[in-house]
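Visitor: take this sequence and fold it.
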Amino acid sequence: MKCPYCSALDTKVINSRPSEDGVAIRRRRECLQCGRRLTTYERAQLEPLMVIKRSGRKEAFSPDKLLKGLQLATEKRPITLEVLRTFAYGFEDEVGLLEITSSEIGRRAMAFLKPLDEVAYIRFASVYQEFDSLERFIEEIRGLKDKEGG
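Guide: The predicted structure is shown next:
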């Protein structure tokens, strides 16, 4: 496996174990060149989940892309990377479909973030729903407050 830090082609597996849900193997690896460690997940993939973009174009679902968006939304928030990884890498199995729209992925990610952290939810929503004004932010925050009863 190629090291994401230094691009060396050799890494060694230090530890392997089943993931929490048992559908993947979690592997801790170490780069033989730079010595940095990383985690990889190996799982069976029969047919990839296809994402239908707004333009109508289709592409294979990427849990890494979803994870990156979640990480941006939760930066400096009290949510562990492991919680985000579990959602992103379990998403395809949870959905159980062959195709899904990008807007549905965004909707599900927002539903995942909302009970965890309202700030992360607003951050994600602002990008996903393309907030274009301060009023749109205020409207979404008021919606959160109204649902809480406060």
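
Visitor: helices of the protein, residue ranges please.
Guide: 63-74, 81-95, 102-116, 118-128, 134-148 (DSSP state H).

Visitor: between helix 102-116 and the last one, find me the angle.
Guide: This means helix 134-148. Interaxial angle, helix 134-148 versus helix 102-116 (axes from the mean of the first three to the mean of the last three CA atoms, to 10 degrees): 60 degrees.

Visitor: could you say what helices and strands helix 134-148 packs with?
Guide: On a contact count with 3 or more CB pairs under 8 Å, 6 or more residues apart in numbering; DSSP states H and E, helix 134-148 meets helix 118-128. Every C-beta, even on glycine, is put in place using the N, C-alpha and C of the backbone.

Visitor: in the helix it packs on, what's buried?
Guide: By neighbour count with 16 or more other CB atoms under 10 Å, helix 118-128 contains the buried residues Glu118, Ala120, Tyr121, Ile122, Arg123, Phe124, Ala125, Tyr128.
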